[in-house]
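> Fold the stuff below for me.
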Amino acid sequence: MVAVAAMLARNESGQANHEDHFVRKQRGFTLIELMIAVALTGILLGMGVPALNLFVSNARQTSVINDFVSSMHTARSTAITTNTRVTICPSSDGASCDVVDWEEGWIVFGDPDSDRVVDPDERVVATAEGAAGLTIESPEFGAFLTYRPNGRVMNASLDGSSGEFTVCDKRGADRAKVLIVDLSGRPRLSKYLADGSSPACS
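Here you go, the predicted structure:
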């Protein structure tokens, strides 16, 4: 009987120790541990937010450039295959040429009479929406870009066959991209202007 009583006592003591250990394990963070966790979270967020902003800005700029290049290819291909002039012009409504900046949006349409007006018998073949937070500037193609049937472009001087667009965002000239349209009428992307100088953002 004594042996049984001793065994029961040991079991009860072991169970009590186990329960006490379990209770100790369930306690929460101390104030110091909580402050360290908050500080680490702040550091990680401080490192991650700039990287995320950079990714978003690059993605937005790349998307707009891709849309613009696609419109140029569409216009050039349409001009060659239909043997007529095709114009790209800024447009805020997706239906007609407007006196607005390129970042407001643009349209591509057949323009046989080269008047840069979408006449009733002329068809809009492509449109693009505005590019929020970006600027698209060009000294040669400020108001329009027209492709001739031979695939070359006609700029504001009417007899010019080349030019460039500078795409900027709030990061300034260091992150600007340049679309150069050469004598072939094909656009190419560059970090520099056609003369090799660095682009400027207004």
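> where exactly do the strands run in this protein?
All strands of the chain, identified by DSSP state E, fall at 86-90, 106-110, 124-128, 135-137, 145-147, 153-154, 163-168, 177-181, 187-190.
> tell me what the shortest one is packed against?
Using 3 or more C-beta pairs under 8 Å, 6 or more residues apart in numbering; DSSP states H and E as the contact criterion, the elements in contact with strand 153-154 are strand 145-147. All C-beta spots, glycine's among them, are computed from the backbone N, C-alpha and C.
> Name the surrounding residues that touch the strand it packs on.
72, 75-76, 78-80, 85-89, 111, 114, 116, 153-155, 163, 181, 185 (C-beta atoms under 8 Å, 6 or more residues apart in numbering).
> at 10 Å what do you get?
The contact list for strand 145-147 (C-beta atoms under 10 Å, 6 or more residues apart in numbering) reads 68, 71-72, 74-80, 84-90, 102, 106, 108, 111, 114, 116, 138, 152-156, 158, 163, 165, 181, 185, 187.
> coming back round to it: by mean pLDDT, show me the worst of the strands of the chain.
Averaged per stretch, pLDDT over the strands of the chain is lowest on strand 153-154, reaching a mean of 92.
> which sections of the chain are below the confidence cut-off?
1-29, 44-51, 158 (pLDDT under 70).
> how far away is the spatially most central residue of the chain from G172?
Nearest to the mean C-alpha position of the chain, by C-alpha atoms, centre = their mean, lies R60 at 1.0 Å. From R60 across to G172, the span is 15 Å (C-beta to C-beta, to the nearest Å).
> Repeat that for D182.
Distance from D182 to G172, by C-beta to C-beta: 26 Å.
> before we move on, what about V153?
28 Å.
> do the same with A143
25 Å.
> residues contacting A126?
67, 70-75, 78, 86, 88, 94, 106-109.
> Check the separation of the first and last residues in stretch 160-171.
Terminal residues of stretch 160-171 lie 31 Å apart, using C-alpha to C-alpha, to the nearest Å.
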